[in-house]
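Asker: Just need the structure, nothing else, for what follows:
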Amino acid sequence: MAAISREEVAHLARLARLAVNETELDTFAGQLDVILQAVARVGEVAAADIPPTSHSVPLTNILRDDVVKPGLTRDEALSGAPDAADGRFRVPRILDEEA
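Answerer: Residues are numbered from 1 along each chain as shown. Sure thing, here's the model as predicted:
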């Protein structure tokens, strides 16, 4: 026996504001029945002695350790800039505000 009827599918369609025809009601009822059976099987397998997990396999951190390395000095960083002033990058004004 189907776990979900055509009438229940029609009701769900109305709640979701979906327009479904008679053929789709039969199709969706069958598809939803398969989904509900699969969920029921998962519920049968779940046991109290199995702890819940967030992933199916253990996760390990693959990030490298933070190592402090010297960076560019201000003069080195500004050396490649097309325009610099007062130790800063100079860029075209994009707003009409006064500085």
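Asker: Quick check: phi and psi on residue 94?
Answerer: phi -110, psi -10 (degrees, to the nearest 10).
Asker: separation between it and residue 36?
Answerer: 57 Å (CB to CB, to the nearest Å). (C-beta placed from N, C-alpha, C; glycine too.)
Asker: Looking at these two, which has the bigger crowd around it?
Answerer: Neighbours were tallied for residue 94 and for residue 36 using other CB atoms under 10 Å; the higher tally belongs to residue 36 (13 against 6).
Asker: The more buried one falls within a helix, correct?
Answerer: Yes. Note on residue 36: a helix contains this position according to DSSP: H, G, I helix; E, B strand; the rest coil.
Asker: That one: what's its closest spatial neighbour, skipping adjacent residues?
Answerer: residue 3 (4.5 Å; CB to CB, 6 or more residues apart in numbering).
Asker: Mind listing residues that contact the least confident helix or strand in the chain by mean pLDDT?
Answerer: Ranked by mean pLDDT, DSSP states H and E, the weakest helix or strand in the chain is helix 22-45, scoring a mean of 89. By CB atoms under 8 Å, 6 or more residues apart in numbering, the surrounding residues in contact with helix 22-45 are 2, 3, 4, 5, 6, 8, 9, 10, 13, 20.
Asker: which of those lies closest to residue 55?
Answerer: Compare each of the contacts of helix 22-45 with residue 55 using CB to CB and the shortest gap goes to residue 3, at 30.1 Å.
Asker: Next, count neighbours for the closest one.
Answerer: Each residue near residue 3 was counted by other CB under 10 Å, and the total is 14.
Asker: which SS class is it?
Answerer: At residue 3 the chain is in coil, as set by three-state DSSP.
Asker: Would you mind giving me the confidence score for it?
Answerer: According to the per-residue confidence, residue 3 scores 78 in pLDDT.
Asker: Return the residues in contact with it.
Answerer: Remark: with contacts taken as CB under 8 Å, 6+ apart, residue 3 is in contact with 32, 33, 36, 37, 40.
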